[in-house]
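Student: What would the 3D arrangement of this be:
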Amino acid sequence: MKQILILAVSMLVAAPSALAAQSLEGKWTNPKRSVIVTVDRCGQAYCGTVSWASQHNRDKVADNGRQLLGTRILTDLKPTGGGLYKGQAFEPKRNIRGSATVRQLGSNTMVVKGCAVLGLFCKEQRWTRIVD
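Tutor: Just a heads-up that it's a prediction; the model follows:
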């Protein structure tokens, strides 16, 4: 009986850790499903790299002399509590860097907000996890 109680308590203690471990890592897509970003650990933070993009999006970025696939668009995302992460964003179509805020709304949804020019220009999107 004591072993069952210890096992149950350890499972309850591990449950929040399991939810936290699910975190941001994985493949995410934008609302139009025209870009897939793979989010991985980068040292003590998370980063997001474009792993797939529609031909239209690749062409838009190529018009500016850049390549979209393999571009890191989220950098140094660190948890600040309550499913919120802060770091840096890069918008490759316009070659703009700024601050990023990512708010995880559940295991399969997150809101990504990037702001540039001292926070005057911001864009927000709701991304969904791609489940293999």
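Student: what secondary structure does D59 sit in?
Tutor: helix (DSSP: H, G, I helix; E, B strand; the rest coil).
Student: so who does it touch?
Tutor: The contact partners of D59, by Cβ atoms under 8 Å, 6 or more residues apart in numbering, come to none. C-beta: built from backbone N, CA, C; applies to glycine.
Student: One more: G83?
Tutor: R103, Q104, L105.
Student: Tell me the one of those residues nearest Q44?
Tutor: Q104 (17.7 Å; Cβ to Cβ).
Student: partners of that closest one in the sheet?
Tutor: Note on Q104: beta-bridge partners by DSSP bridges are M110.
Student: and it, how far is that from I96?
Tutor: According to Cβ to Cβ, to the nearest Å, Q104 and I96 sit 24 Å apart.
Student: more neighbours, these two?
Tutor: Taking other Cβ atoms under 10 Å, Q104 and I96 do not tie; Q104 has more neighbours (20 against 15).
Student: hang on, the more buried one packs against M110?
Tutor: Yes: Q104 is in contact with M110 according to Cβ atoms under 8 Å; the separation is 4.7 Å.
Student: hey, what's in contact with both of those two?
Tutor: L24.
Student: What residues of stretch 105-121 count as buried?
Tutor: In terms of neighbour count (16 or more other Cβ atoms under 10 Å), stretch 105-121 has its buried residues at M110, V112, K113, G114, C115, A116.
Student: Quick one: those as JSON lines, columns for secondary structure and distance to D40 too.
Tutor: Below are the buried residues of stretch 105-121 laid out as JSON lines (DSSP: H, G, I helix; E, B strand; the rest coil; distance: Cβ to Cβ, whole Å):
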{"residue": "M110", "secondary structure": "strand", "distance to D40": "15"}
{"residue": "V112", "secondary structure": "strand", "distance to D40": "16"}
{"residue": "K113", "secondary structure": "strand", "distance to D40": "20"}
{"residue": "G114", "secondary structure": "strand", "distance to D40": "19"}
{"residue": "C115", "secondary structure": "strand", "distance to D40": "23"}
{"residue": "A116", "secondary structure": "strand", "distance to D40": "24"}
